[in-house]
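> Can you look at this prediction? I've put the sequence above it.
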Amino acid sequence: ALHAANLRREARNEAMILQLLDAGYDVRPYLGTSEGSLTRLHVALAMKDAGYVDSARAAFDTFLRPGQIGSVAGYRESCIAPAEAIRVIREAGGLAVWAHPMNVAANPHSMTRMLAAEGLGGIEAFHPSATEGEAALLLSLAAQHNLFVTCGSDCHGANRPSVTLGCTWRDCAPLEKTYAYFVEN
């Protein structure tokens, strides 16, 4: 499944790069090499380095968002189903956690209920994109469904300088409980 996902990502990236090239924006010389898979962020940074935009954010806003000339739809329809992902994670001895749930176009109440019934173990309540109100809602959902609470910075190093490792940590009982769980296990 992971190999297939990487192949889909590579095909999507190639289509994105070709669409930009057809529109007169050749980012290929600026892509360089990177560890792991090429992402939209790499393309955005290449657009910045090529001088087409002033920032990676501008590349996303102007070229890479849905409906823009460099946008290529993802292949999520062939991805692993949430219930299957939870099962695989649990069978491997892991704790399945729903990452940045407020960035998903779904009702957080019904989605949490459904995922918890499948064996979800945690929910990311603290993320740079989550407002204080959203974090409060996610804390409440975690308590209602007996889920661990996590935080994640989604740090991308110099590509996202306003977000640093650990920036979403809060001194609060739910995160302390999660921390203790992972230290003990």
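Thanks, I have the structure now. Residues are numbered from 1 along each chain as shown.
> Name the SS class of the closest residue to Ser37 other than its chain neighbours, please.
Residue nearest to Ser37 in three dimensions, not counting chain neighbours: Arg9, with 5.4 Å by C-beta to C-beta, 6 or more residues apart in numbering. For the C-beta atoms, the positions are set from N, CA and C on the backbone; glycine is no exception. Per DSSP: H, G, I helix; E, B strand; the rest coil, the local secondary structure of Arg9 is helix.
> Could you give the number of residues near Arg9?
Neighbour count for Arg9, taken as other C-beta atoms under 10 Å: 16.
> do you know how far it is from Ala99?
Distance of Arg9 to Ala99, computed by C-beta to C-beta, to the nearest Å: 18 Å.
> name the helices or strands packed onto the one helix or strand Ala135 maps to?
Secondary structure assignment for Ala135, by DSSP states H and E: helix 132-144. On a contact count with 3 or more C-beta pairs under 8 Å, 6 or more residues apart in numbering; DSSP states H and E, helix 132-144 meets helix 108-117, strand 122-126, strand 148-151, helix 173-184.
> of all these, which gets the most neighbours per residue?
Mean neighbour count (mean count of other C-beta atoms under 10 Å) peaks for strand 122-126 among these, with a mean of 24.
> between the helices and strands packed on helix 132-144, which gets nearest to Leu139?
Taking C-beta to C-beta, strand 122-126 is the member of the helices and strands packed on helix 132-144 nearest to Leu139, at 5.1 Å.
> May I have the strands that pair with that closest one, each with its orientation?
Strand 122-126 has the following sheet partners, assigned by DSSP bridges: strand 97-98 (parallel), strand 148-151 (parallel).
> which ones are touching Ala15?
Val72 (C-beta atoms under 8 Å, 6 or more residues apart in numbering).
> let me redo that: Val53
Residues in contact with Val53 (C-beta under 8 Å, 6+ apart) are 44, 47, 59, 62-63.
> any low-confidence regions in the protein?
For the chain, the stretches flagged by pLDDT under 70 are 1-2, 33-36, 75-79, 159.
> what sits against Gly122?
Residues near Gly122 by C-beta under 8 Å, 6+ apart: 95-98, 142, 147-150, 178.
> who does it bridge with?
On the basis of DSSP bridges, Gly122 is bridged to Val97, Phe148.
> oh, and call the first residue 773 from now on, that's how I've got it
That works, and once the first residue is 773, the last one we named lands at Gly894.
> Alright, I will stop here.
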